[in-house]
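1. heads up, no residue letters with this:
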């Protein structure tokens, strides 16, 4: 049984691009290891909480993670929460777009219950399972919360390291899109913009000391877009 909640919905996405003199550093273009290629990664576990906490584990090369389902219903799903709550999980980019070589995982769900029922897409944690240890997700990079029983801010509960807390992202009644949650991990993290810029500075200064007088100060810009569904 899900608990009833207050209405709200939002998606928060951010992109950072940094420039230094005649160097332009696009952070999104910096390559890191795809999840599917992480050394010694065996599987990924999704802890779903609908009444009780239930783990769903998929092999790193499983069809569930390597496919985004075109339809999400009782006959096309990766796992079920309550009887009318269907989930799809897959590798993705930071915005939740399917990418078999992605560094992120996205959880999508459809759920057809409004208030007074509690909201759907209830994920406590997502865990990487290595041959010698585990790792929880540590970053929310995108989410979609819809309907009158979503809890805005609950997306952070998927990365708090606590299996007794959970996300509550609402319902999809009357919607043509899904609830979604995209998560990143320390093992596939892209270097911080400041680190990339620092390397560019060192490389430039090392090339010729005369460039010191010509270099402009580093600049960075950050754009944030909030989408309310």
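-> Sure thing, it's come through. No experiment lies behind these values; they were computed from the predicted model shown. Numbering: from 1, shown residues only.
2. C-alpha from now on. contacts and neighbour counts both.
-> Will do.
3. Okay, now the unreliable bits of the chain?
-> Residue ranges of the chain with pLDDT under 70: 1-31, 190-229.
4. For it, which segments are assigned as helices?
-> Remark: helices assigned in the chain by DSSP state H are 193-207.
5. In it, what residue spans correspond to strands?
-> 11-20, 23-26, 41-50, 52-59, 79-80, 85-92, 104-111, 123-130, 133-136, 139-144, 179-184, 219-227 (DSSP state E).
6. For residue 158, which of the ones you listed is the nearest?
-> strand 123-130 (4.7 Å; C-alpha to C-alpha).
7. got a list of contacts for the closest one?
-> With C-alpha atoms under 8 Å, 6 or more residues apart in numbering as the test, strand 123-130 has contacts from 40-49, 53, 134-137, 157-168.
8. Buried ones only from these, please, as a PyMOL command.
-> Buried residues among the contacts of strand 123-130 (16 or more other C-alpha atoms under 10 Å), as a PyMOL selection:
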select buried, resi 41+42+43+44+45+46+47+48+49+53+136+137+157+158+159+160+161+163+165+166+167+168
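9. picking that back up, so can I have TSV of the strands of the chain showing distance to residue 117?
-> Converted to TSV, the strands of the chain look like this (distance: least, C-alpha to C-alpha, whole Å):
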stretch	distance to residue 117
strand 11-20	22
strand 23-26	44
strand 41-50	12
strand 52-59	16
strand 79-80	17
strand 85-92	12
strand 104-111	11
strand 123-130	17
strand 133-136	29
strand 139-144	19
strand 179-184	16
strand 219-227	24
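10. Looking at those strands, spot the one closest to residue 69.
-> Comparing those under C-alpha to C-alpha, the one sitting nearest is strand 85-92, at 6.7 Å.
11. Show me what the closest one is packed up against.
-> strand 79-80, strand 104-111 (3 or more C-alpha pairs under 8 Å, 6 or more residues apart in numbering; DSSP states H and E).
12. Could you export those strands to JSON lines, including columns for mean neighbour count?
-> Listed next are these as JSON lines, based on neighbours: other C-alpha atoms under 10 Å:
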{"stretch": "strand 79-80", "mean neighbour count": "17"}
{"stretch": "strand 104-111", "mean neighbour count": "26"}
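13. JSON lines for these, including distance to residue 129?
-> Output for those, formatted as JSON lines (distance: least, C-alpha to C-alpha, whole Å):
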{"stretch": "strand 79-80", "distance to residue 129": "19"}
{"stretch": "strand 104-111", "distance to residue 129": "14"}
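14. Looking at those strands, which is nearest to residue 92?
-> strand 104-111 (5.2 Å).
15. helices and strands around the closest one, which ones?
-> strand 85-92, strand 179-184.
16. Distance to residue 114 for these - can I get that in JSON lines?
-> As requested, those are exported to JSON lines (distance: least, C-alpha to C-alpha, whole Å):
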{"stretch": "strand 85-92", "distance to residue 114": "12"}
{"stretch": "strand 179-184", "distance to residue 114": "13"}
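17. The ones you listed: which one's closest to residue 75?
-> Here strand 85-92 is closest among these (C-alpha to C-alpha), at 9.4 Å.
18. List of residues touching the closest one?
-> Residues outside strand 85-92 that contact it (C-alpha under 8 Å, 6+ apart) are 35, 64-69, 72-74, 77-81, 98-112, 120-121, 182.
19. Out of the helices and strands packed on strand 85-92, which is closest to residue 150?
-> Proximity to residue 150 (C-alpha to C-alpha) singles out strand 104-111 among the helices and strands packed on strand 85-92, at 11.4 Å.
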